[in-house]
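Student: Next input, structure requested:
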Amino acid sequence: MLWVPGILVLPLLALTVGSDSYATTISARQAERSTLPACAQTCVAQLPNNCQADEVCFCTAFVRTAYESCLKTQCSSSMQDQLGTYAYQATSCNRPVRNNANTLYGVTWAFFSVAVIFVALRLLSRWRGLNGSGISWDDWVVLGSLALVVVLDVSLNQGTKFGLATDLYTNTVGSIEVILRWLYIGEILYISVVMTTKIAAVLLYLRIWTADSITKAFRLSCWISIGVFAMTALAFDFAIIFQCSPVSSVWNNVTGQAGSCIKVAPLLYIFGALNILYDVVVFLLPIFSVVRLNIAMHKKIGVATLFAIGLVVTIAAIIRLQYVVRLFGEMNLTWEYQYPGLWAIIEANLSVICICAPPIAGLMQRWF
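Tutor: The predicted structure is shown next:
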């Protein structure tokens, strides 16, 4: 029976070791807490339920939300302070290290590969050697859109390379500055791509329904739509490019560079809504003309369905707009910005893919 006291001692020993370990952890947290910037110290002093930043309650959802809300106002002027406070919170609460870079890389280049294939098939469908109608303005606009998509995809790729799709506290101020610069470039390109593909779609309508085969009202509506799309792209690109004075303040404000900027959120909301509205317009424009075609009803439905494929782009635009609305006010920007960035890539590439579907369908009919 001599082993009984030993067994009784083991729980006491474990309790003692656990207490020492907990005390050491608390001591380390207290030491680290003393290095927090003044803005974070203010927020710690205001934690609800008399919680302290070195206690277990600090990691509960309620206290964490209150702490982050305070940081948004107290530490908003210094990116370096934000990094320090977020790092402290993450390490104190043992948050897992998150990195979605591979997802962004995979989705971007998968969609881009499909877009390139569809553009190649579109151009093949125009080849006169395969009884095509030859290259026209709509094809050149699609090629221009693809060129813009290349740069757009590269911009997200570069932003991801420097830390997009990771948590803010795992990055440096310098890397965040680079990420913001690439996101700035990407937003300009995104606006250009989604508008030029709409222009290409309407140019295709004008190519299909010539002046001899359709009313003047339809063609006038098409030209007006093209003008509206072009002016929208120019207006919003101009506003995004010059949102700050100097322009470099768009990304340099994280380092404390002085500059004045307009509130860009309303611009993005308005553009997102107009983008969705224009998608619907592009879909509805040819419906009356399709109905008047002298073909069987099932063929009319097939043609209408072919043009309706473009509504897939509208779904992507709606999803992206939801993320844009949620974006502003978030402090973990390198993590949150990945979602509108990813859906911008999906929408832009889908725009190119869908605009190539009708000519490719014609090619398939000739082949089979």
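Student: How many neighbouring residues does Ile191 have?
Tutor: When neighbours are counted by other Cβ atoms under 10 Å, Ile191 registers 25. Glycine gets a C-beta too; all of them are placed from N, C-alpha and C.
Student: Could you do Ile117 as well?
Tutor: Using other Cβ under 10 Å, Ile117 is surrounded by 13 other residues.
Student: For the strand or helix carrying it, buried residues please.
Tutor: Following DSSP states H and E, one finds Ile117 within helix 101-126. The neighbour-count check on helix 101-126 (16 or more other Cβ atoms under 10 Å) flags 101, 104, 107-108, 111-112, 115-116, 118-119, 121-123, 125-126 as buried.
Student: other SSEs contacting the helix or strand following that helix?
Tutor: Next helix or strand after helix 101-126 toward the C-terminus (DSSP H and E): helix 137-161. If contacts are counted by 3 or more Cβ pairs under 8 Å, 6 or more residues apart in numbering; DSSP states H and E, helix 137-161 sits against helix 101-126, helix 173-208, helix 338-355.
Student: With mean pLDDT and distance to Leu267 as extra columns, can I get these in JSON lines?
Tutor: As requested, those are exported to JSON lines (pLDDT from 0 to 100; distance: least, Cβ to Cβ, whole Å):
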{"stretch": "helix 101-126", "mean pLDDT": "95", "distance to Leu267": "24"}
{"stretch": "helix 173-208", "mean pLDDT": "95", "distance to Leu267": "10"}
{"stretch": "helix 338-355", "mean pLDDT": "95", "distance to Leu267": "14"}
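Student: and Phe238, which of those helices is closest to it?
Tutor: Smallest distance to Phe238 across those (Cβ to Cβ): 9.6 Å, for helix 173-208.
Student: same for the closest one, what does it pack against?
Tutor: helix 79-92, helix 137-161, helix 216-241, helix 249-252, helix 265-284, helix 311-327, helix 333-336, helix 338-355.
Student: The helix holding Ile117 to helix 137-161, inter-axis angle?
Tutor: Using axes from the mean of the first three to the mean of the last three Cα atoms, to 10 degrees, the direction of helix 101-126 lies 170 degrees away from that of helix 137-161.
Student: returning to what we had before: got CSV for the helices and strands packed on helix 137-161, with distance to Met231 too?
Tutor: Compiled in CSV, the helices and strands packed on helix 137-161 are given as follows (distance: least, Cβ to Cβ, whole Å):
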stretch, distance to Met231
helix 101-126, 26
helix 173-208, 9
helix 338-355, 19
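Student: Tell me which of these sits nearest to Leu152.
Tutor: Ranking the helices and strands packed on helix 137-161 by proximity to Leu152 (Cβ to Cβ) places helix 173-208 first, at 4.1 Å.
Student: Report the buried residues of the closest one.
Tutor: 175-206, 208.
Student: Centre of the chain to it, how far?
Tutor: 12 Å (Cα atoms, centre = their mean, to the nearest Å).
Student: same deal with stretch 281-292?
Tutor: Distance of stretch 281-292 from the chain centroid (Cα atoms, centre = their mean) equals 31 Å.
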